[in-house]
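Asker: Return atomic coordinates for the entry below.
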Amino acid sequence: MSGHSKWAQIRRSKGVNDARRGQLFTRLGREIAVAVREGGGGDVNANFRLRMAVQRARDANMPMENIERTIKRSLGGSEGAALEEITYEGYGPSGTAILVQTLTENRNRTVAEVRNAFNRNAGNMGENGCVDWLFEAKGVIEVELQGHDPDELSLEALDLGADDVEPTNPGDETLTIYTDPADVEQIQQALEAHKYTVVKSERTMVPKTRIELTEEKVSHQLMRLIEKLEDLDDVQNVYTNADFPEAFAASYGE
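Answerer: Numbering: from 1, shown residues only. Now for the predicted structure:
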């Protein structure tokens with residue numbers, strides 16, 4: 001995931017136009033609606049899934065009035081009632097694995113759009129189960145280093161029950177901590193109680209092994225495929241087991 005994350009950060013830093021921002025807010029609104037429906041109501045203090053969805057919306061600068069309006073409509077049953085969560089699987093260039101998580105009220109439209117994105121961008125859509133075994137559900141927590149020693153913080157996170165910690169590089173501003181999905185809230189709260197600043201926490205899919213891409217052309221083909229998938233209205237998240245060299249990620253779109 002580290003390579004994909006670096007590319008995603010670079011892509012965000014290049015700016016988000018109004019159309020893409022509106023699409024992002026729609027996607028985040030759907031996530032909030034399903035969190036209300038599936039997570040147990042509209043109270044962020046009692047519904048952890050909703051709390052994470054609201055946090056992601058705030059991180060994307062979604063106005064608070066939009067968030068509150070979405071929660072209110074969801075509680076009334078008019079928002080998100082028909083949405084289904086469906087995951088599609090496939091392959092990108094060099095045999096890389098891809099998971100595509102969607103929220104849709106029209107599965108026929110969504111599967112056609114996802115298949116078309118694969119076919120037009122050097123990929124192949126696969127059958128259910130073809131690559132999901134290459135991933136595992138994890139909780140991911142990002143903590144600001146803020147002058148903290150990464151090794152000490154890593155040991156403390158492990159003592160608090162984390163499964164693993166991603167090695168840091170010089171200049172990194174955050175430490176990425178992996179947990180059991182069921183423990184992400186507990187460990188986040190423990191870290192905050194120890195006065196660490198948590199900048200992000202979520203449940204996600206992490207590859208068990210990664211494929212390191214060594215050709216810039218192949219890297220850019222895969223980035224383009226992921227970008228086209230992420231641009232589909234019904235797609236919430238795209239995961240890959242590819243590891244993009246940072247230089248290839250930085251040169252994408254130049």
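
Asker: residue boundaries of the helices in the chain?
Answerer: With DSSP state H as the criterion, the chain has helices at 2-13, 18-39, 48-59, 64-75, 107-120, 150-159, 184-193, 216-230, 246-251.

Asker: So what's the gap between the last one and the chain middle?
Answerer: Between the centre of helix 246-251 and the centre of its host chain there is 20 Å, according to Cα atoms, centre = their mean, to the nearest Å.

Asker: just the second one next, same as before
Answerer: Distance of helix 18-39 from its chain centroid, counting by Cα atoms, centre = their mean, is 13 Å.

Asker: ok, now the fifth one?
Answerer: If you compare the mean C-alpha spot of helix 107-120 with that of the full chain, they lie 20 Å apart, counting by Cα atoms, centre = their mean.

Asker: Let's test this: mean pLDDT of that helix, rounded?
Answerer: Averaging pLDDT along helix 107-120 gives 96.

Asker: do the same with the first one
Answerer: Computed over helix 2-13, the mean pLDDT rounds to 51.

Asker: Likewise for the second one?
Answerer: Per-residue pLDDT over helix 18-39 has a mean of 80.

Asker: okay, the angle between that helix and helix 48-59?
Answerer: 170 degrees (axes from the mean of the first three to the mean of the last three Cα atoms, to 10 degrees).

Asker: follow-up on the earlier one: which of the helices of the chain sits closest to R210?
Answerer: R210 sits nearest to helix 2-13 of all the helices of the chain, at 7.4 Å, using Cβ to Cβ. Glycine gets a C-beta too; all of them are placed from N, C-alpha and C.
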